[in-house]
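Enquirer: Sequence first, predicted coordinates after that:
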Amino acid sequence: MQRHPTPHEIFHLPLDASQAQIKARYYELVKFHHPDSLHARHLPSSERTKRFQAFQHAYKILQRPRSHRTGKHDDFIYAEVVRRRRHEMRSRSQDSMGAHINEETRAQASMIFSWFGGTSAEN
């Protein structure tokens, strides 16, 4: 499976980079890799556009507050946490009448969802 680079890897910045550093690096990359730039003329048009869009997407993610950032890597982790939590809740909380979620399990699920910006364990 091919791993997608994180926005920080795309920008070649440390994880604790400031917004000013992110913005300055974005302007450098856009100036150099813009589809109409003379620096990128040796690449096919589709590749120039693809790179430019990757920079724009990474910048959009990095502009968000740190608590709301989700990239492809974070989405995969979130989906796996949700899948495991649902499986665990189903297997632990089923009684003879069906799925019954006790308060401790509900609180744990709410905590996990709050880590990823979710609001409810029912999603």
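Expert: Yep, it's here. Residues are numbered from 1 along each chain as shown.

Enquirer: Only C-alpha atoms from now on, for both contacts and neighbour counts.
Expert: OK.

Enquirer: which secondary element of this protein has the worst mean pLDDT?
Expert: strand 98-99 (a mean of 46; mean pLDDT, DSSP states H and E).

Enquirer: for the protein, which spans come out with low pLDDT?
Expert: Across the chain, the ranges flagged by pLDDT under 70 are 1-2, 65-78, 93-107, 109, 111-113, 115-123.

Enquirer: surely Phe52 meets Pro35?
Expert: Yes: Phe52 is within contact range of Pro35, at 6.9 Å (criterion: Cα atoms under 8 Å).

Enquirer: Quick one: neighbours of Ser114, just the number.
Expert: 13 (other Cα atoms under 10 Å).

Enquirer: ah, wrong one, I meant Gln63
Expert: Burial of Gln63 is recorded as 13 neighbouring residues (other Cα under 10 Å).

Enquirer: cool, Lys23 as well?
Expert: 14.

Enquirer: got it, and the one 4 residues further on?
Expert: Here the neighbour count serves as a burial measure; for Tyr27 (other Cα under 10 Å) it reads 13.
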